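J.: Any chance you can model this:
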Amino acid sequence: MKDNVMTLNITSWILGIVIFAIGVLNLVLVHPVPGLVFLILSLLYIPQTDAQLRGKLGFSIPLAIKIILGLVSIWFTLGVSDLGDMLDKL
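T.: Next up is the predicted model:
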């Protein structure tokens, strides 16, 4: 059980850091609005925020939904957004 919780925490932190980095890059290179959206979205992945959400509202977002949301965000950023075009030119 402890290994399962550790895996969930590591996965959440990795996705949170990746989404945060995408947010910072969007904020600096593209436009502030998508950057702020990604920065706020990255807070959902931090385990402490998840615990506070569970404590205040009585539920938390399941890991499967977090992973799907993270993959869609990364896919959107690299495939459709202006940041993906900037990265392609490098």
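
J.: so residue 86 touches residue 26, yeah?
T.: No. Counting by C-beta atoms under 8 Å, residue 86 does not reach residue 26; the two are 10.1 Å apart. Glycine gets a C-beta too; all of them are placed from N, C-alpha and C.

J.: out of these two, which sits in the busier spot?
T.: Under the neighbour definition other C-beta atoms under 10 Å, residue 86 and residue 26 were set side by side, and residue 26 has more, 22 against 12.

J.: which element is the nearest residue to that one once chain neighbours are set aside on?
T.: Taking C-beta to C-beta, 6 or more residues apart in numbering as the measure, residue 26 lies nearest to residue 35, with 3.7 Å between them; neighbours along the chain are not counted. Per DSSP states H and E, residue 35 falls inside helix 32-43.

J.: longest single helix anywhere in the chain?
T.: Identified as the longest helix of the chain according to DSSP state H is helix 2-25.

J.: any idea of the angle it forms with helix 32-43?
T.: An angle of 170 degrees separates the directions of helix 2-25 and helix 32-43 when computed by axes from the mean of the first three to the mean of the last three C-alpha atoms, to 10 degrees.

J.: List the buried residues in helix 2-25.
T.: Judged by neighbour count (16 or more other C-beta atoms under 10 Å), helix 2-25 contains these buried residues: 11, 12, 15, 16, 18, 19, 20, 22, 23, 25.

J.: And the contacts of that helix?
T.: Counting by C-beta atoms under 8 Å, 6 or more residues apart in numbering, helix 2-25 makes contact with 34-39, 41-47, 50, 63, 66-67, 70, 73-74, 77, 83, all of which sit outside it.

J.: Could you do stretch 42-55 as well?
T.: When contacts are defined by C-beta under 8 Å, 6+ apart, stretch 42-55 is touched by residues 8-9, 12-13, 15-17, 19-20, 23, 59-61, 66, 69-70.

J.: model confidence over it, on average?
T.: Across stretch 42-55, the average pLDDT comes to 86.

J.: That stretch: how far from the chain's middle?
T.: The gap between where stretch 42-55 is centred and where its chain is centred comes out at 12 Å by C-alpha atoms, centre = their mean, to the nearest Å.

J.: Could you pull out the buried residues of it?
T.: If you call a residue buried by 16+ other C-beta under 10 Å, then stretch 42-55 has these buried ones: 42, 43, 44, 45, 46, 47, 49, 50.
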